[in-house]
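Peer 1: Give me coordinates for this.
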Amino acid sequence: MKNTSNLNHLAVLDQNSKGRLITEDTSRTRSEFQRDRDRIIHSSAFRRLKHKTQVFVSHEGDHYRTRLTHSLEVAQIARSISRYFNLNETHTETLALAHDIGHPPFGHAGEDTLKILMSKNDGFDHNDQAIRIVHTLEKKYFDFDGLNLTWETLEGLVKHNGPLLKVLPLSIKSLNAEFDLRLEEFSSLEAQIAAIADDIAYNNHDIDDGLRAGFFNYDDLRELPLVGEVISSFPKNFYHFDIPRINNEITRKSTALMIDDVINTIEQNISSLRPENCVDIRNAKQQIVIFSEQMSNKVEIIRSFLVERMYQHNKVKEMSANANVVVLFLFNLLLTDQQVCTAEGLESLISDNNHHRTVCDFIAGMTDNFAQSMYNKYS
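Peer 2: The predicted structure is shown next:
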């Protein structure tokens, strides 16, 4: 197993891991976090991200991002920042790759529908569903359900948005009772980096997808901070280049500016707080990996623009309305029609005592294509 003691003193070290809930033999060839990463990559849930919506459903075009391509882009950004600080790059990559595996079909529209349908049965949340997948739903090993990930990986996934101080979702509450994740603390630098890499990726890459879809144009973007500044730096004749080349220049340079800002802010916060190890990072009274106030304001303006011009666009609303119809229909169908469950080989949905949750798990695991196909078959 590779020794990671040469990393930054603030890094999470494999050899200091708190281990797995179910003890396993170590590997000669891979570190503990390499094994976690590989278990995520080889999971069924990760493969299904290929056909799950980011903003556009897969049949809208081959070049729009899916949950899978988005996750890979998040991992690339997260690894770059982690490498700069000589942190545990593999641990960062693991968390970045796993952060979206709990998303249901049809993006946030699918999640909103499942939240309503499960409101009287412990609810639905994609972060909680990710924990349910890696801790329970994946069935790949003789000795346990789930992936039996390390404490540090589970902690990073659970604290996706920082400490959890309010009412806990079902699966996170159950896991925490078995494997105390110290929910009141912040996560590691590696986990915080994976989280902000998600923000950097979707803000920039949604601009690319929105341009491809014709929801806005370069003149519209000139009015925005950061992105407008990038476009203003282009040569006057940049319109002569093909659109994919222009879009790449925008997102490449805007992404780099956001990454530079995050790196500078991390350096300032570490200099100010002077943490001595990763325990001090977790016990800090603030998030360390953040945008500067100036950049945060710019990102918020970009985000508001995307909400208005992209996420609320009629075409996206139509896709969301269809998602609501499909998920609602399938939920009620699988909850009430035993003949359909039998015909589809889904007898387990009938026999399970927690019927609503079992049906929710099944639908949440569907790809957009499978959900739409099953709807077309039975509607």
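Peer 1: make it CA atoms for all contacts and neighbour counts henceforth
Peer 2: Will do.
Peer 1: So which other helices or strands are in contact with the longest helix seen in the chain?
Peer 2: Counting residues, the longest helix in the chain under DSSP state H turns out to be helix 243-273. Helix 243-273 is packed against helix 67-84, helix 189-213, helix 227-232, with contacts defined by 3 or more CA pairs under 8 Å, 6 or more residues apart in numbering; DSSP states H and E.
Peer 1: contacts for the helix or strand of the chain with the lowest mean pLDDT?
Peer 2: The helix or strand with the lowest mean pLDDT-type score in the chain, counting by mean pLDDT, DSSP states H and E, is helix 347-351 (a mean of 75). Contact with helix 347-351 is made by 334, 335, 338, 341, 355, 358, 359, as judged by CA atoms under 8 Å, 6 or more residues apart in numbering.
Peer 1: Tell me which two in those residues are the farthest apart.
Peer 2: Distance extremes for those: the farthest pair is 338 and 358 at 13.8 Å, using CA to CA.
Peer 1: which of the two has more neighbours?
Peer 2: residue 358 (18 against 15; other CA atoms under 10 Å).
Peer 1: next SSE after the helix or strand hosting that one?
Peer 2: Taking DSSP states H and E as the definition, one finds residue 358 inside helix 355-364. Using DSSP H and E, the helix or strand that follows helix 355-364 in sequence is helix 368-378.
Peer 1: Does that following helix pack against any helices or strands, and if so which?
Peer 2: Applying 3+ CA pairs under 8 Å, 6+ apart, one finds that helix 368-378 makes contact with helix 314-336.
Peer 1: Packing partners of the next helix or strand after the helix it packs on?
Peer 2: For helix 314-336, the succeeding helix or strand toward the C-terminus, using DSSP H and E, is helix 338-343. The helices and strands touching helix 338-343, judged by 3+ CA pairs under 8 Å, 6+ apart, are helix 314-336, helix 347-351.
Peer 1: want to throw those into CSV with distance to residue 299?
Peer 2: Conversion of these to CSV gives the following (distance: least, CA to CA, whole Å):
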stretch, distance to residue 299
helix 314-336, 22
helix 347-351, 43
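Peer 1: export the ones you listed to JSON lines and tack on distance to residue 29 and mean neighbour count?
Peer 2: Shown next, in JSON lines, are those (distance: least, CA to CA, whole Å; neighbours: other CA atoms under 10 Å):
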{"stretch": "helix 314-336", "distance to residue 29": "43", "mean neighbour count": "17"}
{"stretch": "helix 347-351", "distance to residue 29": "38", "mean neighbour count": "16"}
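Peer 1: worst average pLDDT in those helices?
Peer 2: Comparing mean pLDDT over those, the weakest stretch is helix 347-351, at a mean of 75.
Peer 1: send the alpha carbons of that one over as PDB?
Peer 2: Only the C-alpha atoms of helix 347-351 are listed here, as PDB (Å, rounded to 0.1, in the frame of the first residue of the first chain):
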ATOM      1  CA  GLU A 347     -41.400  -9.000  -7.100                       C
ATOM      2  CA  SER A 348     -39.200  -7.500  -4.400                       C
ATOM      3  CA  LEU A 349     -41.100  -4.300  -4.700                       C
ATOM      4  CA  ILE A 350     -44.200  -6.200  -3.600                       C
ATOM      5  CA  SER A 351     -42.700  -8.300  -0.800                       C
END
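Peer 1: rewinding a little: can you point out the buried residues in the longest helix of the chain?
Peer 2: By neighbour count on 16 or more other CA atoms under 10 Å, the buried set for helix 243-273 is 246-247, 250-251, 253-255, 257-259, 261-263, 265-266, 269.
Peer 1: for it, what is the average pLDDT?
Peer 2: Confidence over helix 243-273, taken as the mean pLDDT, stands at 96.
Peer 1: got the angle between that helix and helix 67-84?
Peer 2: Direction vectors for helix 243-273 and helix 67-84, defined by axes from the mean of the first three to the mean of the last three CA atoms, to 10 degrees, enclose an angle of 40 degrees.
Peer 1: Go ahead and measure how far helix 243-273 is from the middle of the chain.
Peer 2: Shown here is helix 243-273, whose average C-alpha point lies 19 Å from the average C-alpha point of the whole chain (CA atoms, centre = their mean, to the nearest Å).
Peer 1: Just after that helix, pick out the following helix or strand.
Peer 2: Of the helices and strands lying after helix 243-273 in sequence (DSSP H and E), the nearest is helix 278-283.
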